[in-house]
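Undergrad: the amino acid sequence is not available; the structure is as follows:
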């Protein structure tokens, strides 16, 4: 079953649930069920961080409470995502087996404390995790109330213990074969850093090597591989104990520590924990930031994903934990669904009484009543999901994509380069994403290893590193008619961060019709501008500001559409276009303002005749349009993250299946329209 | 004698004196005495940090210079506070007994260096301290020139060595009895942190546990207990060697590391070291900040306290060490007296030539002459104290108080909650304090363990934790007619930081007539406002701004006096009142501006007919009025910390005993009025 | 030869060259030579960080590539500065001999990594360095293509290993003789820090002693001595192997870690690495900051110095690495020459492909062509140096100087004093420097150990420490007619940071006619002002602002020229003058704005009849005038670092030998004028 898993066939609604904190309060456990049912909750994540509750001493198990809870939940129509407890091991284990405690880059082994701090390599920890996972699977793997496995919790972090170092050496040996090849790829002739053999390799450390970028980068890759391997190990234990229920790991917001794409084949479905800082600046900016990550998560497997955690109220760990304004919970929850989520889940069902998360918002707070504003909003969102339950399993079929590549970003940010005070990679990627959204398009967010076959328009912003044959894929993409937007600081270095010689963007100078020559860095607050060339084919006439980085290029046969307005490179190309093969390759030289992207993408789309979900619809400021599709139907979500009520002029062939009106959409309002499926028009 | 100690019967004037730094300069030692006499100095603190001077090698004592100094000082009318030298041990001792060096939370034992860095637990250090203290007591305990013991210096800091960890475990075992109880109180079911036994407990550490708030809090309590125990040990050594002279420890400005209330029974009198940053913003704000701490120090024992250190000139350790403007030394010194100090003492008599405090201001500077501005101001202040010497022993008998509770503050600030960028606890406490001061009242600053019997008005701002039966005391206080001002974020958690269930402020919802429902956090710079309800019984008509935190409450039967002016909770209660028993309970929902407090307290006082020291006196902006009382007389201090000369209209029954005029008070000026004692009118 | 070395007899042009990174690219090595010749490059620094390339395993040498390169370069007219490779040892060495790895102040020995991280004391490392240096000297010491030795690279850093600690103890014993004397000089009676014997001494450490200023200061001196000793050891190995070619170490921009004056006798010529942040604020400010350091470097030996490194384009390690605007490379290069440089050298010839400096600007970039803007500018600068080659060996003969003393600065900044948020020492020194430059004078930048015989005007700003008999030298200087400008915070402490007693500036109160009494510190943003006394002999009439620090002095017989305008010391002296002996001693009390210095120095110069290089020339804003002299000729450089073209009215007796016009000088333009040598007019 797991391999083919696509959907649970219904929208899930629920959250993390830790009844083991309340075992001496049976009246509270009872109230939990009542209130969950009142809110139409149909799933909880159980067992996260519960190891000491199920195995308080080595070998002494206490599964009674868990069994009772699963049964009771099931009887009340609430399913369970059952967690493996590896995110935080019991104290007795850390005491008995010091090797399982993580070691920092200074070589200091941690004391007991916190969470997510075990060694991923330790055979002892792997043995213990396999043992407890198999116990769980044997006992609950067949329980009808258990519908999926929640593997550990928010994997992250690095261990520098001798076991991990040895594993790293083996990983490198497998990758490079000979130490000479490693030396060449890591450029260790710099500062006499040549290795004589693999045994000399040590992980990067502030008290050792930190300047060998190839080492830093491979270490990060190794950490991802090690973590994915650990997740695979956890899941295999469940399988070996006979459970084939689908498994997931919950991922984190733009988490730098792991290349999540490497988990695509490890898990059966993708899930993530979303905690946007709403009400801090324009809501639309927050909405777009969240939307892009929803799309990134969705694009990993190109299947529905799950919103594994979100906050029903205010968090307690943000610098300022603001209450969600009335309606925002619903809007944020439905935004996830709009982008392809098959669930809305919270951290957590009942707020704990002590320790560091005791003030994190929850469905049921310390007061404990159902007469709170938060609980009322939770109920409303539960009702919404009931209405939309048919959408479960439908997905998003985007024809535009932006590239956000973990490994390229790691390399780019590790390199000392033109702007050590900030390259603004994510912002730059988002400018293309937002421009496409504003034009009404669904967008995939992919990395360099994913295929480009589905796309008509592709944005490749700050693709510093070209790896995995990316330049070849781009050539093929443009050749067959694709429209490419590439920016400055792309195609600079290869897979081990060796700079390309002979000109950049590597392998694409003919496609782009230009060569990067120098890159100027601007101080914070400094500006340049892009001035339209008169009569440019896009028909653009206004100037735009740019900042941070300005690429100076030598044009061979590209057409110059904009030139710089200031400084010694005034008049030099700032934006170019080159027709190549069947396609077109645009090059954006400087870090342009959002309006530039908005206007350029809109003009290119119009010229190229590429149509959005609702062609002709004028999308008001702050409004987002998203599409899910099944084989038979199209669902269009329209949400208002702007500052005032939006007025819409929608075509008549779409049926309003959610929302009050098809003409007016209040702030934080959502409407969903459905249409019969037409054959795709690519 | 020590147990009953109340006063030295005269105002003391002097400072820290380290003649051991000048033993090879007899002419300087002679000059010291001359200049001290010229300044009317009558006390010095001798022997602070002098261990290596009295015991340069193990067992080899050199008390000759100390004896000579004490004799000479005594002959010249200058008494001695004799210090125990434990604040900085000699190098030979740290070398011979490594265990006495403090260990940091990473387990690293310190090298020799600095000060205040010994282990408080080490039996060896305790033995050594007892030995040297007994030597001092035997030699000088009966000397008529020695009038008190100055124990160590500014106790502070923590040690994480194995001895301290073991002691901590014992402390916990005594407190909780069983490990199950500890687990319950610390909520260790969170993240599987259950302890199997007390031996597993480790102090909080960045490389171990830092998320168990109960552990963090108990560790801080343990550190206070350990330090108080060490102080007790030091004093006992003196007693065992036959000295019964009173003893003190010098405390520090709003020091977070120790709950100073726990020293109330350890020392015979309270003293502290005051170094306000004058001339940095409005003087009145600095004056109030200092005043509140004077009152806190005084309230610990409700007796006269001692200003053990202050700076005659500029310090050298503040970011910017500004010279005191002419007159400020006198004003600051007399402010301490106004608030109940029986001394004005300086760090230090003679400025040292080397090491880290060589540029700290002193009575005698490197130049060494008596023709300096600083020395002239020191002389003037000495003359002032002579004039006011009769006030020694009189105290302050306040009928209003504000609560500032160390343990509640520790817990609140350790909790991750609505505003991790700043809760502004001290500011909030000070707003009530200042409002009461502006209305002309003396104010006690107490913690939750102190009795409330003396008070008519009590401010309880941000009392996050309710401990020591505080809610019961508050109920009794209101029941018997007390006026209570409570603010948001009160009554949230119990003594081990477990959140109260069932609604908050815990135990007071009926008294206040409301329940806290949610709390909104505002970004820095964001504002809301409190708008008066028309016809509110306090007769208030203007609106006030509020910021940082806004509590949303559900009123049961409180009267709403103000409502919020902005955001989705506009119109919801912002300030309420509830009559209960014989008293009234006000609840301030948001972090209001100072003017709100000023106006509300003034209106409530007037309505309730509670009268200040000088009823009817209009107190000009920037002017402070404070009262000391003996059994027969009342002394009213009026000081001008404003920006211009103040004009006063004083009643005729008070005699001017200090100052030039009873009508006009220049900037930095002080007047003291005396009246015959009337029976108290509570 | 080395001892008498003065000049290579020609201007050198080139840079760092690391062909060992390209040995598998013979076509690139060939291209290197072609492009260097095209740019008229005549010198490269070879072998920096090349240890693993010449000794890949212990005892296995690979000098073949180096020999080939030296031969080929020589055949093409390019000389070599041959580097000793000690800046970064091979990995095998660090692995085999752990003692050579540096230890931090926490006692942690580093892992392998980075560079500049060896112990300077380790006998093993000294043995290894001597061995490889002798190998190099034996093989290449006589090669006609090798013209000098480049010793290691940018020495810096500290080691706290037991070997270094023992060496430090010996150094102290030699300096102080007895532990009593050390205790007295370090003032260890403070906080009981007395040492019983030298074995107890430990280097300063955050986990040990950090408050003993004498210890901190002597440790810094020891580190300088140890490093200089290591450099001497390296050079001696070359000499012992028979090479007498001159040797240098490359120094760093205002590097705080080493007192470079202590290398005056160690090296044969001075060189440094200059990386100004051009285009960040006014260019003139950057130009002056660089100019002063050129002059400091030149003043160490009072001989031509060498610009060992500079960047042909943008660096990669500055926060924002801005491209050099067209013309700036030439201007910056010629500025070095104007101030006495006999070379312009770059880091680096060819940009590396990997590791942390891969984006550092280079003569040949990753693209590799000669058709880049940077390469064109490099060629132009090469041509310039050809034109100016005759100036090699000429020097600067300044009659004005400013004092910048490393040890005084160390002590001042280590002291906790009036402004711990910034004393602005360098800025204050530069204000005098810039004022003298604006008046058209060449300026030496000297320390307290250098002779004052050459000078007519001497600025002594913030000379906190008086050491090496400095006060006596100043007395003699003024007595024989010198003009002295001294500022606040001078003459405060002696050579081991013991404060002077009896009044300061120590030993000069009679010379200055005043005594420092107090010093006031101002908050950032606070201002005071200096108001001219009517009819002051300098004829100055405007007021100037001052900030940061305001000295309050007691004038005995100085003449007050300015008084403070604000605060309680309004009307007190702010600037004074005292005629003493044949000379005059000015005292600047506060941190005055630049215009004060400009106007005061100009007025004093004019009154005293001291003439600049081109008397009567009005120097436009932003223009710098510098002079080099040989025994027969004078060369005047005029450079425009202003914002607009400068118009000049030059006397007719100077011949234009470089530049387009003698009337007009474009932005970034340089002209050089030559005159026949006249006898000096001191």
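TA: Happy to help now that I have it. Bear in mind the structure is a predicted one, so any value in this text is a computation, not a measurement. Numbering: from 1, shown residues only, chains lettered A, B, ... in the order given.

Undergrad: for chain B, give me its nearest residue in chain A.
TA: Closest residue of chain A to chain B, C-beta to the nearest C-beta: residue A:354 (2.5 Å). The C-beta positions use only the backbone N, C-alpha and C, and glycine is treated the same way.

Undergrad: for that residue, helix, strand, or coil?
TA: Following DSSP: H, G, I helix; E, B strand; the rest coil, we place residue A:354 in the coil state.

Undergrad: mind naming the longest helix for chain A?
TA: Longest helix in chain A by number of residues (criterion: DSSP state H): helix A:213-240.

Undergrad: ok, back up a step: neighbours around the residue of chain A closest to chain B, how many?
TA: Neighbour count of residue A:354, defined by other C-beta atoms under 10 Å in any protein chain shown: 24.

Undergrad: in the longest helix of chain A, what counts as buried?
TA: For helix A:213-240, a neighbour-count test (16 or more other C-beta atoms under 10 Å in any protein chain shown) marks A:213-235, A:237-239 as buried.

Undergrad: let me see the contact set for the residue of chain A closest to chain B.
TA: B:186-187, B:190, B:213-214, B:496-499 (C-beta atoms under 8 Å, 6 or more residues apart in numbering or on different chains).

Undergrad: so which of these wins on neighbours?
TA: residue B:497 (31 neighbours).

Undergrad: name the next helix or strand downstream of the longest helix of chain A, please.
TA: Remark: after helix A:213-240, the chain's next helix or strand is strand A:247-248, criterion DSSP states H and E.

Undergrad: return the distance of that next one from the chain's centre.
TA: 16 Å (C-alpha atoms, centre = their mean, to the nearest Å).

Undergrad: show me what the next helix or strand after it is packed against.
TA: Sequence order places strand A:250-252 as the next helix or strand after strand A:247-248, per DSSP H and E. If you count contacts as 3 or more C-beta pairs under 8 Å, 6 or more residues apart in numbering or on different chains; DSSP states H and E, strand A:250-252 packs onto strand A:271-273.

Undergrad: mean confidence for the strand it packs on?
TA: Here strand A:271-273 scores 98 as its mean pLDDT.

Undergrad: touching that strand from outside, list them.
TA: For strand A:271-273, the external contacting residues (C-beta under 8 Å, 6+ apart) are A:154, A:248-253, A:293, A:297, A:305-310, A:343, A:347.

Undergrad: now do 6 Å
TA: A:248, A:250-252, A:297, A:306, A:308-309 (C-beta atoms under 6 Å, 6 or more residues apart in numbering or on different chains).

Undergrad: same check on stretch A:638-650?
TA: A:283-284, A:287, A:335, A:620-625, A:662, A:664-667, A:669-671.

Undergrad: buried subset of the contacts of strand A:271-273?
TA: Among the contacts of strand A:271-273, the ones that count as buried (16+ other C-beta under 10 Å) are A:248, A:250-252, A:297, A:306, A:308-309.

Undergrad: from those, pick the one nearest chain C.
TA: Nearest to chain C out of those is residue A:252 (C-beta to the nearest C-beta; 28.9 Å).

Undergrad: which residues does residue A:353 contact?
TA: By C-beta under 6 Å, 6+ apart, the contact set of residue A:353 is B:187, B:498-499.

Undergrad: again with residue A:523
TA: Residues in contact with residue A:523 (C-beta under 6 Å, 6+ apart) are residue C:320.

Undergrad: pLDDT score for the spatially closest residue to residue A:667 that is not a sequence neighbour?
TA: Nearest non-adjacent residue to residue A:667, counting by C-beta to C-beta, 6 or more residues apart in numbering or on different chains: residue A:640, 5.6 Å away. According to the prediction, residue A:640 has pLDDT 98.

Undergrad: then residue A:680?
TA: The model's pLDDT for residue A:680 equals 51.

Undergrad: again, but for residue A:184
TA: 98.

Undergrad: so where does it fall, helix or strand?
TA: Using DSSP H and E, residue A:184 sits within helix A:179-186.

Undergrad: now that helix against helix A:213-240, angle please.
TA: 110 degrees (axes from the mean of the first three to the mean of the last three C-alpha atoms, to 10 degrees).

Undergrad: and helix A:179-186, does that touch chain C?
TA: No: using C-beta under 6 Å from any C-beta of the partner chain, helix A:179-186 stays clear of chain C, coming no nearer than 6.6 Å.

Undergrad: that helix - contacts with which helices or strands?
TA: Helices and strands touching helix A:179-186, by 3 or more C-beta pairs under 6 Å, 6 or more residues apart in numbering or on different chains; DSSP states H and E, are helix A:213-240.

Undergrad: gap between the helix it packs on and the chain center?
TA: When C-alpha coordinates are averaged (C-alpha atoms, centre = their mean), helix A:213-240 and its chain have centres 18 Å apart.

Undergrad: what mean pLDDT does it have?
TA: 98.

Undergrad: is the helix or strand harbouring residue A:549 anywhere near chain C?
TA: Using DSSP H and E, residue A:549 sits in strand A:544-555. No: Strand A:544-555 stays clear of chain C (C-beta under 6 Å from any C-beta), getting no nearer than 7.9 Å.

Undergrad: give me the distance from that strand to the chain's centre.
TA: With C-alpha atoms, centre = their mean as the basis, strand A:544-555 stands 29 Å off its chain's centre.

Undergrad: and the spatially closest residue to residue A:200 that is not a sequence neighbour, backbone torsions?
TA: Once flanking residues are discounted, residue A:200 sits nearest to residue C:91: 5.5 Å by C-beta to C-beta, 6+ apart. Here is the backbone geometry of residue C:91 (degrees, to the nearest 10): phi -60, psi -40.

Undergrad: tell me how far residue C:91 lies from residue C:354.
TA: For residue C:91, the distance to residue C:354 equals 16 Å [C-beta to C-beta, to the nearest Å].

Undergrad: just residue A:354 next, same as before
TA: 51 Å.

Undergrad: and the one helix or strand residue A:634 maps to, how far from the chain's centre?
TA: Applying DSSP H and E as the criterion places residue A:634 in strand A:633-640. Distance of strand A:633-640 from the chain centroid (C-alpha atoms, centre = their mean) equals 22 Å.

Undergrad: pairing partners for it, with directions?
TA: Strand A:633-640 pairs in its sheet with strand A:623-629 (antiparallel), strand A:670-676 (antiparallel), by DSSP bridges.

Undergrad: which strands border the helix or strand following it, and is each parallel or antiparallel?
TA: Once the chain leaves strand A:633-640, the next helix or strand it forms, by DSSP H and E, is strand A:646-647. If you go by DSSP bridges, strand A:646-647 pairs up with strand A:664-665 (antiparallel).

Undergrad: contacts for the partner strand?
TA: Outside strand A:664-665, the residues that reach it (C-beta under 6 Å, 6+ apart) are A:640, A:645-647, A:671.

Undergrad: and chain A, which of its residues are near chain B?
TA: Residues of chain A lying near chain B (C-beta under 6 Å from any C-beta): A:20-21, A:49, A:51-52, A:88, A:90-92, A:110-113, A:115, A:316-317, A:319-323, A:325-326, A:352-356, A:358-359, A:366-367.
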